[in-house]
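S.K.: Prediction below, plus the sequence it came from.
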Amino acid sequence: MYEAYNRKLLRVNLTEKTQVTEEIPAEVINDYIGGMGTGTFYLTKEVPPTTDALAPENKLIFSTGPLTGTGAPLFAQTALVTKSPLTGGVINNYCGGGLAQKIKSTGYDMVIIEGKADELTYVVVGEENVEFVPCPELKGKDVDEVEDVMKEKAGRNCGTAAIGLAGENRVNYASILSATRVFGRGGNGAVMGSKNLKGIAFSGSRGVKVNNPQLFAQKAEEAFDSFKKATDNEHGLLGVFSRFGTGGGLKLLNDSYVLATKNHQLAHFETGEKINTAAYHKLGRSRRVACFGCPVHCGQLHSFETGEKKGFYTRGPEYETMYSLGSDCVNDDPMVLAHAHDLCEKYGMDTLSAGCTIAFAMECYEKGLLTEEEIGFPLPFGAGEGILKMLELIARREGVGDMLADGTKRMAEKLGGGSEDFAMNVKGMEFAAWMPQRMTGVALTFAVSNRGACHKRGPMGAELMGVLPMETTEGKAAIVMEIQDRVNALFTLVGCRFADFEVPIELFIQLMNAATGMEKSPEEFQVMGERIWNLERLYNLASGMSAADDTLPARCFDPVDVRGEMKQLDEKAFRNLVKEYYRLRGWDEEGVPTQQHLEKLGITAHWGS
C-alpha cells in the first residue's frame, strides 16, 4: 500500500545547514493524505500559534500529494503551508506548473524549511544531498534572474521556487514564484525572505508508481475525457478559460454586476471591456500556457507588437488581477495593467493584496486621509502611473510604500478616520475578486474563511450562474461548509480547483485509491476535509483570532447600484447566517469547536501533541 508515495519528508535547517530525512507515519497519511492536509498537520504540531510569522521558528512546508507526478489530469499543484505575516494565522497556498512533480522526483513527498540562514542563500535539493549556496550577489534581483542562476547550478530541467525584492523586504503579501506560477497569498514570500532564503531548486529523476496501474489508467482516461468535453465547449467555463485564460470570465461578471470596482463602491466597471482578455488578444500575440499534464491550458502569455512598449511580454494578467489592479483601482489601461502585473511578478507580490491596498490608498487620498505631500504624487482613482509608482515603493518599502506594504488592515489602524470601514479585508487578507454585497454565499465564505477573504472554497460559480440565488441566505451555511470541507479534501491530493468544476469527487477518490491501495469512501474523504478545517480553526484561535474576526468591513452592508436599483446585504441576516454556520460546524456561539466535535473528528490525538 501507499505505492504512490515516497513516504519521506526532508527537513532543511538553514541555521545549522543540515538535512534530515524522516519517514511520514502511516497514520498521518491515513488521516491527512498529503498536500495541505499533511502540511497543516506538521505546521500546527511544530510551530506554536503565537510564533511571530517572520521569526526563524516559523516553517515553510512544501507538500505534494499521492496523485502528484502520476499523470492524472489537473493534479500538478504544490501545497505550501506556513504561518502568515498578513493574518497571523495559518495560510495554505497552491502553485501549479511543474514544481510538484520535480519535488516528488527527488524522493520526498514533503520538504520542511526551518531556521534562518546567516546570509542570503539558495538551496539545491537533490536525491542524495542538499547544497546550501551563499548568494549575496542575488540581493535585490528579480525572480527570473534567480531562477536562471539556480538552473545553471542544478540543471535546466530542475524545478524552482524563488522570491524577489518584496520577499527580501518582508512585504506582508510577498509571494513565492515558480516559473509562470505563484504561491500567491498571505505573505509566504516574506516568510522566505525572513529566512534569508532567496530560492530553492529541486532536481531528481525518480518516477511514481501506482498500486493498480490498469484501474488507475482507466480512471485517468475517464477524467481526461471529461475535461476534453469541457474544454471543447467554447461557451462553458473551462472552454472559455482554455481559449482566453481566466480573464475570459471578466465580461460575465461585469455584465452580472458582481465585478468590484472603485474599492468595492461599485459593482460594474463601465470600461471593463478595455482590460479583458479579448483586449489583450488585439494588442499582440498570445500563447496558452499549461501546468504539468493539464489539458485546460488556462495560462496566457501576451506579447505586445505595437506602440511604445513593442516587444514587451508578460504572463497574464489573470482575472483576479484584472479586478485588483484594474476595476478596483478604476484602471482601464491594458498596458498599465500588464506592466503592473509584470512588476508584481518581478518583485514577487500578490497582485490581489497589492491592488486592493492601492485602491484603499486611492480612496484615502480622495478623502484626505493621505495627502499628495505624504505620497509624493497624486493618487486618485484611475491614476495609471500612480499605480506603477506605488508598486515600486511598496516592493522597496520606501516612503508611504512602507505603510502600504503592511496591507489594508494595518494601514487603517494607522490612518484612522473611519478608514477601517472601507479597508476591504477579512482577518487582514484583502478581498478576492468577488462582491459580498451582491452574493450572500460569498459574504459568508469570506467572513469565516481560515485564510481570510479567500475565494478558493465558496459557491461563487453557482451564485454567478444562477444555480443558487445570489441574494438569499437560505441554505447557504450548509452549502458553504460542504464546499469548504470538499475542497480541503481535494487539496490533499493536490488538485486544481478547476478539477472540481467538471469531475465528481468520487472519481478523484477512485484515482487516489487506485494509486495508493487505500480504500477511502466519499464520506471518509469529506470528513478528512472537515478535520483539516477544524485543525486550522483551532490554530487560528490559539494565535489570537476570535469570532469577532468572522465579519466583513462596514462597506459590505452599504447599498450598491445594480442597473439603477439599489441592492444591499442585510447585516442582521448575515449575522444570523454566521451563527447558523457555527451551529452546523459543531462549534459553540463563540465559534470554538466543541470537545465532543473534535473527538468525533479524531483531532484531539494530534492537536497540541
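M.R.: Thanks, I have the structure now.
S.K.: Contacts for stretch 26-37 next, please.
M.R.: Residues outside stretch 26-37 that contact it (CB atoms under 8 Å, 6 or more residues apart in numbering): 2, 5, 7, 38, 40-41, 63-66, 68, 77, 79, 81, 92, 94, 109-110, 488-489, 491-494, 512, 518, 528, 531-532, 602, 606. Quick note: C-beta positions are derived from backbone N, CA and C, even for glycine.
S.K.: Which of the residues you listed fall within strands?
M.R.: S63, A79, V81, N92, Y94, M110 (DSSP state E).
S.K.: among the residues you listed, who's most crowded?
M.R.: Tallying neighbours with other CB atoms under 10 Å puts S63 at the head of the ones in strands among the contacts of stretch 26-37, with 32 neighbours.
S.K.: any idea how far I33 is from that residue?
M.R.: Remark: distance between S63 and I33 (CB to CB, to the nearest Å) = 10 Å.
S.K.: same check, this time on N425
M.R.: The value you get for N425 to I33, if CB to CB is used, is 31 Å.
S.K.: How about the contacts made by G407?
M.R.: Counted by CB under 8 Å, 6+ apart, G407 has contacts L86, N172, Y173, S353, T357, N425, G428, E430.
S.K.: about what we covered before: widest-spaced pair of the ones in strands among the contacts of stretch 26-37?
M.R.: Farthest apart among the ones in strands among the contacts of stretch 26-37 by CB to CB are Y94 and M110. That separation is 14.8 Å.
S.K.: quick revisit: out of the contacts of G407, flag the one nearest to R537.
M.R.: Taking CB to CB as the measure, R537 lies nearest G428 of the contacts of G407, at 16.3 Å.
S.K.: what sits against the closest one?
M.R.: Neighbouring residues of G428 by CB under 8 Å, 6+ apart: S84, L86, T87, G88, G407, K409, R410, G452.
S.K.: What about the contacts of G407, which are in helices?
M.R.: Residues of the contacts of G407 located in helices (DSSP state H): S353, T357.
S.K.: Of the contacts of G407, which is the nearest to L99?
M.R.: Set against L99, the nearest of the contacts of G407 by CB to CB is Y173 (20.5 Å).
S.K.: pretty sure that closest one contacts A354?
M.R.: Yes: applying CB atoms under 8 Å as the test, Y173 and A354 come out as touching, 6.5 Å apart.
S.K.: chain center to the strand or helix carrying V480, what's the gap?
M.R.: Assessed by DSSP states H and E, V480 sits inside helix 476-490. Counting by CA atoms, centre = their mean, to the nearest Å, helix 476-490 is centred 17 Å from the centre of its parent chain.
S.K.: Give the other helices and strands that it contacts.
M.R.: helix 35-46, helix 440-448, helix 499-502, helix 505-516, helix 522-543, helix 571-585 (3 or more CB pairs under 8 Å, 6 or more residues apart in numbering; DSSP states H and E).
S.K.: tell me what the last one is packed against?
M.R.: In this case it means helix 571-585. If contacts are counted by 3+ CB pairs under 8 Å, 6+ apart, helix 571-585 sits against helix 440-448, helix 476-490.
S.K.: most neighbours per residue, which of the ones you listed?
M.R.: By mean neighbour count, with neighbours taken as mean count of other CB atoms under 10 Å, helix 440-448 ranks first of these at a mean of 27.
S.K.: ok, how many other residues are close to the closest residue to F381 other than its chain neighbours?
M.R.: Nearest residue to F381 in three dimensions, chain neighbours excluded: V330, at 4.0 Å (CB to CB, 6 or more residues apart in numbering). V330 has 21 neighbouring residues, counting by other CB under 10 Å.
S.K.: list the contacts for V330?
M.R.: By CB under 8 Å, 6+ apart, the contact set of V330 is T261, K262, F269, M362, F381, G382.
S.K.: Next: E530.
M.R.: E530 sits next to D485, N488, L601 when contact means CB under 8 Å, 6+ apart.
S.K.: and the first one, what pLDDT?
M.R.: According to the predicted model, the pLDDT of D485 comes to 97.
S.K.: Could you do the second one as well?
M.R.: At N488 the predicted local confidence, pLDDT, stands at 96.
S.K.: I'd like the distance between the nearest residue to it once chain neighbours are set aside and N93.
M.R.: In space, N488 comes closest to G529 once its chain neighbours are excluded; the distance is 3.7 Å by CB to CB, 6+ apart. Distance, G529 to N93, using CB to CB: 17 Å.
S.K.: Check T21 too.
M.R.: Following CB to CB, the distance that separates T21 from N93 is 25 Å.
S.K.: what about these two, which has more around it?
M.R.: A count of neighbours by other CB under 10 Å puts N93 above the other of T21 and N93, at 26 against 11.
S.K.: The closest residue to that one other than its chain neighbours pairs with what?
M.R.: Of all residues not flanking N93 in the chain, F183 sits nearest, at 4.0 Å (CB to CB, 6+ apart). Here F183 shows beta-bridge partners I176, assigned using DSSP bridges.
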